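*Asks:* Let me see the structure of the following:
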Amino acid sequence: MPKMKSKSSAKKRFTFTGTGKIKRRHAYKSHILTKKSKKRKRNLGYYAMVDSADAQNVKRMLAK
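*Replies:* Predicted coordinates for the structure are as follows:
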């Protein structure tokens with residue numbers, strides 16, 4: 001049986017931490033930034049962890 005392929009879009013969007021959690025970027029930081037506050041844009045720049053409810057689906061997309 002052939003190997004499972006990873007979803008290319010998921011490979012670009014998610015990375016694993018050393019402890020096995022999945023790291024992601026925040027949305028809403030690409031355009032229309034003039035009306036967003038400095039604080040909001042700054043906080044959108046940081047990484048976040050994928051919620052446990054979604055982690056199984058992301059792992060399946062990454063074939064792990």
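
*Asks:* hey, what's the residue most central in space within the chain bridged with?
*Replies:* Geometric centre of the chain, nearest residue: Arg24, 2.4 Å, by C-alpha atoms, centre = their mean. Arg24 forms beta bridges with Ala48, as assigned by DSSP bridges.

*Asks:* Do me a favour and average the pLDDT over the helix ranked longest in the chain.
*Replies:* Longest helix in the chain, counting residues (DSSP state H): helix 52-61. Per-residue pLDDT values over helix 52-61 give a mean of 96.

*Asks:* If you count neighbours, what's buried in that helix?
*Replies:* 58-59, 61 (16 or more other C-beta atoms under 10 Å). Backbone N, C-alpha and C define where each C-beta goes, glycine included.

*Asks:* which strands and helices sit next to that helix?
*Replies:* helix 8-13, strand 22-24 (3 or more C-beta pairs under 8 Å, 6 or more residues apart in numbering; DSSP states H and E).

*Asks:* Could you say which of these is packed most deeply?
*Replies:* Highest mean neighbour count among those (mean count of other C-beta atoms under 10 Å): strand 22-24, with a mean of 16.

*Asks:* Show me the contact partners of the following helix or strand past that one.
*Replies:* Next helix or strand after strand 22-24 toward the C-terminus (DSSP states H and E): helix 38-45. For helix 38-45, the surrounding residues in contact (C-beta atoms under 8 Å, 6 or more residues apart in numbering) are 26-29, 33, 36.
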